[in-house]
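Engineer: okay, here's the prediction I keep looking at, along with the sequence it came from:
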Amino acid sequence: MNMLKVCGRIAAIAALVFTAVSCNTTNDSNPKLDLIPINSVTVDGYTISLESVKELETGSNDLFWKIEQDGEIMTPQSVSINPIMDMGDMMHSTPYNQPEKAKEDDRYFKNMAVFIMPGGMMGSWSISFEITLQNDEVISGEMPIEVASSWRLTSVRDDNDNIYFITWHAPKTPVVGGNDLTFMVHTRESMMNFPAVEDLEMEIYPYMDMGGGSGHSTDFTNPKASGDGLYEGSINYSMSGTWTTSVNLIAENDTLPEVVFEYSVRAE
């Protein structure tokens, strides 16, 4: 009988521990993001940090902004930015949106930027920022950044010399089997304005070259416009290895020259 009572108490304690652990896991309002530091600057005693899930590269990037004072994270009213490429004799911006409080972690502000060229010999990137704190104090500055080249961005021009920047947005890492496929398309109205393009048709063709003049495609659906410059479709890769996906944009019944993305598909 005593043994039964002991077992009962152990079971009860185990149930309480399980409940406590479950509650702590469920109620964690600030889950850790897997971010790497990009750069940070200090202005008037405030440290402004830029982080991301990966090193910045051409194509789409999620940017996470954090503001600290004496090691404590501050929640500002707003964060405003402007990415600029300084090429010496000229300057230009890139497609981007303004930061908003990150849904993944409310300690950060988050925005997306599509860098249309790498830094290096051609010029250097920086992001100017203006931050309004809760006490209405405004801090501003500039953050230099490094942007590497990647396969995820290409561009094409129509007969009127209008340029379209095409970004491979997803999947970030293509794998064998079904993949949701998303492209982003922007154009250039001026050197500082790169709006999204929402009224195009898009045709794609995935292909694996097997060598010796042989190769094959795989199941796919052509991406359709879904708003904000996004075009969504799918690809079901039949095997791992090096693939290409050609893209044709159709603007006002004019089919633009073909562009090609080349990339690796991993086995799951």
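Structural biologist: Thanks, I have the structure now.
Engineer: contacts and neighbour counts: CA atoms only from here.
Structural biologist: Will do.
Engineer: for residue 41, give its distance to residue 141.
Structural biologist: As defined by CA to CA, to the nearest Å, residue 41 lies at a distance of 8 Å from residue 141.
Engineer: what's the answer for residue 43, then?
Structural biologist: Computed as CA to CA, the residue 43 to residue 141 distance reads 7 Å.
Engineer: got it, and residue 60?
Structural biologist: Taking CA to CA as the criterion, residue 60 is separated from residue 141 by 23 Å.
Engineer: more neighbours: these two, which one.
Structural biologist: Set side by side, residue 60 and residue 141 show more neighbours around residue 60, with 22 against 14, by other CA atoms under 10 Å.
Engineer: the strands in the stretch 101-250 of the chain, which residues?
Structural biologist: Listed in chain order, the strands of the stretch 101-250 of the chain (DSSP state E, counting those that start in this stretch) span residues 109-115, 124-132, 138-145, 153-157, 163-170, 177-187, 201-211, 214-216, 219-227, 230-237, 241-251.
Engineer: in CSV, list those along with mean pLDDT and distance to residue 33.
Structural biologist: As requested, the strands of the stretch 101-250 of the chain are exported to CSV (pLDDT from 0 to 100; distance: least, CA to CA, whole Å):
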stretch, mean pLDDT, distance to residue 33
strand 109-115, 98, 12
strand 124-132, 98, 22
strand 138-145, 98, 21
strand 153-157, 98, 26
strand 163-170, 98, 19
strand 177-187, 98, 23
strand 201-211, 97, 33
strand 214-216, 96, 39
strand 219-227, 98, 27
strand 230-237, 98, 25
strand 241-251, 97, 30
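Engineer: just those: most buried one?
Structural biologist: strand 109-115 (a mean of 22; mean count of other CA atoms under 10 Å).
Engineer: so that one versus strand 124-132, what angle?
Structural biologist: Taking axes from the mean of the first three to the mean of the last three CA atoms, to 10 degrees, one finds strand 109-115 and strand 124-132 inclined to each other by 160 degrees.
Engineer: how far does strand 109-115 sit from its chain's centre?
Structural biologist: 7 Å (CA atoms, centre = their mean, to the nearest Å).
Engineer: what does that strand contact?
Structural biologist: Counting contacts by CA atoms under 8 Å, 6 or more residues apart in numbering, the residues outside strand 109-115 that touch it are 57-66, 79, 94-102, 147, 167.
Engineer: and the nearest residue to residue 113 once chain neighbours are set aside, what is it in contact with?
Structural biologist: Counting by CA to CA, 6 or more residues apart in numbering, the nearest residue to residue 113 once its immediate chain neighbours are dropped is residue 96, at 4.1 Å. Under the criterion of CA under 8 Å, 6+ apart, the neighbours of residue 96 are 111-114.
Engineer: now with 10 Å, please.
Structural biologist: Contacts for residue 96 were tallied using CA atoms under 10 Å, 6 or more residues apart in numbering; they are 60-62, 81-83, 111-115, 193-196.
Engineer: surely residue 52 touches residue 60?
Structural biologist: No. At 11.4 Å, residue 52 and residue 60 do not qualify as touching, with contact defined as CA atoms under 10 Å.
Engineer: what's across from residue 142 in the sheet?
Structural biologist: Under the criterion DSSP bridges, residue 142 forms beta bridges with residue 128.
Engineer: run through the residues that contact it.
Structural biologist: With contacts defined as CA under 10 Å, 6+ apart, residue 142 is in contact with 40-41, 43, 48, 81-84, 126-130.
Engineer: show me which pair in the residues you listed is furthest apart.
Structural biologist: Across the contacts of residue 142, no pair lies farther apart than 43 and 84, at 19.5 Å, counting by CA to CA.
Engineer: quick one, which of the two is more surrounded?
Structural biologist: When residue 43 and residue 84 are compared on other CA under 10 Å, the one with more neighbours turns out to be residue 84, at 20 against 11.
Engineer: number of residues surrounding the nearest residue to that one once chain neighbours are set aside?
Structural biologist: Distance criterion CA to CA, 6+ apart; nearest residue to residue 84, sequence neighbours excluded, is residue 93 at 4.6 Å. Using other CA under 10 Å, residue 93 has 22 other residues around it.
Engineer: how much space separates residue 70 from residue 108?
Structural biologist: Between residue 70 and residue 108 the distance, using CA to CA, works out to 17 Å.
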